[in-house]
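Q: quick one, structure for this:
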Amino acid sequence: MRVHFIAIGGAVMHNLAIALHKKGFTVTGSDDEIAEPSKSRLEKLGLLPEKLGWDATNIHKELDAVILGMHARLDNPELVRAQELGVKIYSYPEYIYEQTKDKIRIVIGGSHGKTTITAMILHVLKNCGKDFDYLIGAQVEGFDTMVKLTNSATIAVFEGDEYLASPIDRRSKFLLYKPDIALLSGIAWDHINVFPTFESYVEQFKKFMDCIEQIGALVYCEKDDELKNLVAKARADIRKYPYAVPEHKIENGITYLVFTNDKQQTSDVKLSVYGEHNLMNINGARLVCKQIGISDEQFYSAISSFKGAARRLELIVKNEQFAFYKDFAHSPSKVKATLDAVKKQFPNRKLLACLELHTFSSLNENFLKEYAGTMDAADEAIVYFNPHTIEHKKLKPISEQQVKDSFGRNSLKVFTDSNLISQFILEQSWKDQNLLMMSSGTFDGMDFKRMGEEILAKN
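A: Predicted coordinates:
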């Protein structure tokens with residue numbers, strides 16, 4: 001098979017290119033910018049384009065498929081050429097379905113937690129010796145790539161994103177996978193640039209349920225009222241499995257699941273992750289694994305060694321009095337859940353939490369009000385935004401006062417210079433206090449590891 005990637009440098013796109021190369025496909029690609037780690041990974045396998053930019057001559061009739069990334073524009077010369085020649089064009093979720101349509105497909109969706117739940121399932125399946133294909137939106141310990149496709153596996157596990165499939169396919173990605181087993185973690189409005197109303201956003205999850213295969217299974221979080229209402233109206237043939245927070249306890253900063261086996265014997269399962277949101281994630285992952293023959297005993301034995309996905313409450317540094325975490329949290333529900341988790345895990349420590357507004361939604365003046373009260377759990381709260389990012393996204397400027405008013409916290413500190421944040425943090429005393437940095441961006445390339453080491457050296 002000969003496959004060409006338009007916008008090969010994307011996080012999932014370059015991982016899919018690598019997966020197909022390992023499967024024996026002839027893979028080519030192009031892009032006008034390729035950053036790390038995509039660049040090094042592609043170069044190592046001889047898949048890095050010789051030069052940046054688009055070239056219509058890359059497209060020819062001998063290609064079996066063109067895979068189109070979201071980064072490409074509608075007037076992209078390679079896309080136009082593929083359309084002229086009649087070469088079959090796929091979005092990456094569409095192509096992944098084509099590669100796995102004869103397998104048992106497990107799709108993990110929801111506004112929050114889907115990466116972590118997918119990572120939990122991958123971790124358990126690997127520990128149980130299962131052969132499986134997968135797609136996940138973050139790097140996970142023990143897995144070299146974010147995509148794997150084989151001829152041998154009978155199971156495929158996908159993180160299902162509700163964002164658009166491609167520039168020419170305006171459907172949500174997760175609608176293209178047609179799951180046999182689905183999980184939904186909850187619904188909290190996001191992607192305001194594509195779904196301008198809450199109702200239009202919720203509609204995507206209704207469509208997702210409609211895509212579940214006949215007599216398929218749906219695992220869902222029953223603590224989410226909006227989701228619960230949707231599930232009540234779902235097709236009668238779908239088998240439905242609700243989940244919530246499992247029984248647990250916290251001792252000396254460590255969370256334990258309380259597991260009762262079939263013989264009514266109780267044991268404590270020590271976890272490396274924490275927070276009620278992660279406990280619910282574990283419970284949902286357990287019910288998914290049960291659908292494919294993983295017993296609760298096998299699941300709990302494996303999950304105890306799960307350390308989390310990259311940038312999900314990821315520990316940077318710690319000592320006896322201090323811990324520094326970074327988290328991908330950016331939407332209102334994720335920010336609140338992450339803050340609550342850290343405070344509950346370390347009740348005797350103060351918490352300084354810093355959030356970067358980086359996404360299209362978070363920088364939209366109309367969406368900002370959704371953050372009201374989300375940082376109340378922090379003892380000290382900081383919000384950062386870069387005015388240049390707003391300008392780049394062609395959004396209406398927002399003011400520091402607008403941010404304060406939206407979060408509903410008078411003591412909130414608002415910064416528009418990331419250097420001042422670093423300076424402020426390094427001036428603090430970190431005895432019996434934790435630091436939490438939250439963003440889907442990078443705080444303008446802030447070096448968290450170096451910052452953490454400086455804090456430890458001073459405290």
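Q: which parts of the stretch 201-350 of the chain are helices?
A: Using DSSP state H, counting those that start in this stretch, the helices found in the stretch 201-350 of the chain span residues 225-232, 276-291, 296-303, 332-345.
Q: next, the buried residues of the longest one.
A: Meaning helix 276-291. Judged by neighbour count using 16 or more other C-beta atoms under 10 Å, the buried positions of helix 276-291 are 276-291. Where C-beta positions appear, they are placed from N, C-alpha and C, glycine not excepted.
Q: of the helices of the stretch 201-350 of the chain, which approaches residue 208 most closely?
A: Comparison of those against residue 208 by C-beta to C-beta identifies helix 225-232 as nearest, at 9.3 Å.
Q: convert the closest one to CSV, retaining C-alpha atoms only.
A: Written as CSV, here are the backbone C-alpha positions of helix 225-232 (Å, rounded to 0.1, in the frame of the first residue of the first chain):
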residue,chain,number,x,y,z
ASP,A,225,-26.5,14.6,34.7
GLU,A,226,-26.4,15.7,31.0
LEU,A,227,-24.8,12.4,30.0
LYS,A,228,-27.3,10.4,32.1
ASN,A,229,-30.2,12.1,30.3
LEU,A,230,-28.7,11.2,26.9
VAL,A,231,-28.1,7.6,27.9
ALA,A,232,-31.7,7.2,29.0
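Q: any idea which of the helices of the stretch 201-350 of the chain gets closest to residue 110?
A: Evaluated over the helices of the stretch 201-350 of the chain, closeness to residue 110 peaks at helix 225-232, with 7.9 Å, by C-beta to C-beta.
Q: residue 194 and residue 165 touch, don't they?
A: No: taking C-beta atoms under 8 Å as the contact criterion, residue 194 and residue 165 are not neighbours in contact, 11.3 Å apart.
Q: higher neighbour count, these two?
A: Counted by other C-beta atoms under 10 Å, residue 194 and residue 165 do not tie: residue 165 has more neighbours, with 21 against 16.
Q: mean pLDDT lowest where, among the helices of the stretch 201-350 of the chain?
A: Ranked by mean pLDDT, those bottom out at helix 332-345, which scores a mean of 92.
Q: ok so, going back, out of the buried residues of helix 276-291, who's nearest residue 335?
A: When the buried residues of helix 276-291 are compared for distance to residue 335, the smallest value, 11.3 Å, is given by residue 277; criterion: C-beta to C-beta.
Q: counting neighbours, what do you get for the nearest residue to the closest one once chain neighbours are set aside?
A: Of all residues not flanking residue 277 in the chain, residue 337 sits nearest, at 4.2 Å (C-beta to C-beta, 6 or more residues apart in numbering). A count of nearby residues for residue 337, using other C-beta under 10 Å, gives 23.
Q: same thing with the one 5 residues further on?
A: The criterion is other C-beta under 10 Å. On that basis, residue 342 has 22 neighbouring residues.
Q: do residue 415 as well
A: Residue 415 sits with 21 neighbouring residues when counted by other C-beta under 10 Å.
Q: pLDDT below threshold where in this protein?
A: Nowhere does the chain drop to pLDDT under 70.
Q: show me the domain layout of it.
A: With domains defined by automatic domain parsing, the chain comprises 2-87, 95-303, 314-458.
Q: may I see the buried residues of stretch 288-305?
A: By neighbour count on 16+ other C-beta under 10 Å, the buried set for stretch 288-305 is 288, 289, 290, 291, 292, 294, 298, 299, 300, 302, 303.
Q: how about the secondary structure of the nearest residue to residue 378 once chain neighbours are set aside?
A: Distances taken as C-beta to C-beta, 6+ apart place residue 353 nearest to residue 378, at 3.8 Å, with adjacent residues excluded. Residue 353 carries the three-state label strand when classified by DSSP: H, G, I helix; E, B strand; the rest coil.
Q: thought residue 353 was touching residue 380?
A: Yes: proximity of residue 353 to residue 380 meets the contact threshold set by C-beta under 8 Å, at 7.4 Å.
Q: between the two, which is the more surrounded one?
A: Neighbours were counted for residue 353 and for residue 380 using other C-beta under 10 Å; residue 353 has more, 26 against 17.
Q: for the more buried one, give the beta-bridge partners.
A: residue 381, residue 436 (DSSP bridges).
Q: against residue 189, how distant is it?
A: 22 Å (C-beta to C-beta, to the nearest Å).
Q: same check on residue 405?
A: If you go by C-beta to C-beta, the gap between residue 405 and residue 189 works out to 19 Å.
Q: more crowded one of those two?
A: When neighbours are counted by other C-beta under 10 Å, residue 405 and residue 189 differ, and residue 189 comes out ahead with 20 against 15.
Q: ok, how many other residues are close to the closest residue to the more buried one other than its chain neighbours?
A: For residue 189, ignoring the flanking residues on the chain, the nearest one in space by C-beta to C-beta, 6+ apart is residue 198 at 4.8 Å. Counted by other C-beta under 10 Å, the residues lying close to residue 198 total 14.
Q: hang on, isn't residue 198 packed against residue 191?
A: No: under the contact definition of C-beta under 8 Å, residue 198 does not touch residue 191, with a separation of 11.3 Å.
Q: ok, which stretches of the stretch 351-459 of the chain are strands?
A: Assigned strands in the stretch 351-459 of the chain, in chain order: 380-384, 413-415, 433-438 (criterion: DSSP state E, counting those that start in this stretch).
Q: so residue 106, which state does it fall into?
A: Using three-state DSSP, the secondary structure recorded for residue 106 is strand.
Q: got the contact list for it?
A: Applying C-beta atoms under 8 Å, 6 or more residues apart in numbering, we find residue 106 in contact with 121, 155-158, 179-183, 288, 291-292.
Q: residue 169 bridge partners, please.
A: residue 166.
Q: identify, from the buried residues of helix 276-291, the entry nearest to residue 418.
A: For the buried residues of helix 276-291, the nearest to residue 418 is residue 277 (27.2 Å; C-beta to C-beta).
Q: where's that closest one relative to residue 434, distance?
A: Counting by C-beta to C-beta, the gap between residue 277 and residue 434 amounts to 17 Å.
Q: what helix or strand does the residue nearest the centre of the chain sit in?
A: With distances taken as C-alpha atoms, centre = their mean, residue 115 lies nearest the centre of the chain, 4.0 Å away. Residue 115 is located in helix 114-127, with elements delineated by DSSP states H and E.
Q: tell me which helix or strand comes right after that helix.
A: Taking DSSP H and E, what comes next after helix 114-127 is strand 132-135.
Q: for that next one, which strands pair with it and how are they oriented?
A: The strands beside strand 132-135 in its sheet (DSSP bridges) come out as strand 147-148 (antiparallel), strand 155-159 (parallel).
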